[in-house]
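K.L.:
here are the coordinates; sequence isn't available:
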């Protein structure tokens, strides 16, 4: 049998921080290399504009640049539209795959379980809750209410009161 010594937490944290420092250094050099490559590409393919000449020549060059920018923007828009269409198509196909395959649901088994054992399973053994529901119920005695007959009164008087009330709201 091989006896393997466990790492202490301080040693583990020290090693982890060393790995992160090395990775940060690698990322920094990678970023610098990418910037240098971009600079070299731009110097090779995109020479600086020729600013010599009169104002009319410079204005003509600006117009050409604006036309090129507009053309490139249109191309970028078209490419973005194609990408969005392809993404939507991929999403639709994924949905179709799920529809065709179907989602497999496991067969549920019928389990007879009391409320107490259900709570114990959900909450764990730490919490002791009893669910004797019948003991929590209130005892209610049925009372027969007698409605006073005088509340009904004369219906004509009731209508007159409502008419007076309606006039009161209309005048204000």
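P.N.:
Received, thanks. What you are looking at is a predicted structure, and each value in this text was computed from that prediction instead of being measured. Residues are numbered from 1 along each chain as shown.

K.L.:
pLDDT below threshold where in this protein?
P.N.:
1-4, 125-136, 144-157, 171-172 (pLDDT under 70).

K.L.:
Burial check on residue 47, number of neighbours?
P.N.:
For residue 47, the neighbour count with other CB atoms under 10 Å is 8. All C-beta spots, glycine's among them, are computed from the backbone N, C-alpha and C.

K.L.:
ok, now residue 72?
P.N.:
The number of residues packed around residue 72, counting by other CB under 10 Å, is 10.

K.L.:
Next secondary structure after the helix or strand harbouring it?
P.N.:
Assigned by DSSP states H and E, residue 72 belongs to helix 55-101. Scanning forward in sequence from helix 55-101 by DSSP H and E, the next helix or strand is helix 115-123.

K.L.:
mind checking how far that next one is from the chain centre?
P.N.:
Centre-to-centre, helix 115-123 and its host chain are 32 Å apart (CA atoms, centre = their mean, to the nearest Å).

K.L.:
Which positions in it come out as buried?
P.N.:
119, 120 (16 or more other CB atoms under 10 Å).

K.L.:
Quick check: residue 160 vs residue 169, distance?
P.N.:
16 Å (CB to CB, to the nearest Å).

K.L.:
give me the number of residues near residue 102?
P.N.:
7.

K.L.:
no wait, residue 61
P.N.:
Other residues near residue 61 come to 14 when the count uses other CB under 10 Å.

K.L.:
Enumerate every residue touching it.
P.N.:
49, 50 (CB atoms under 8 Å, 6 or more residues apart in numbering).

K.L.:
if I look at it, how far off is residue 49?
P.N.:
The value you get for residue 61 to residue 49, if CB to CB is used, is 7 Å.

K.L.:
Then residue 123?
P.N.:
Using CB to CB, residue 123 is found at 73 Å from residue 49.

K.L.:
same thing with residue 99?
P.N.:
56 Å.

K.L.:
Check residue 62 too.
P.N.:
For residue 62, the distance to residue 49 - CB to CB - is 9 Å.
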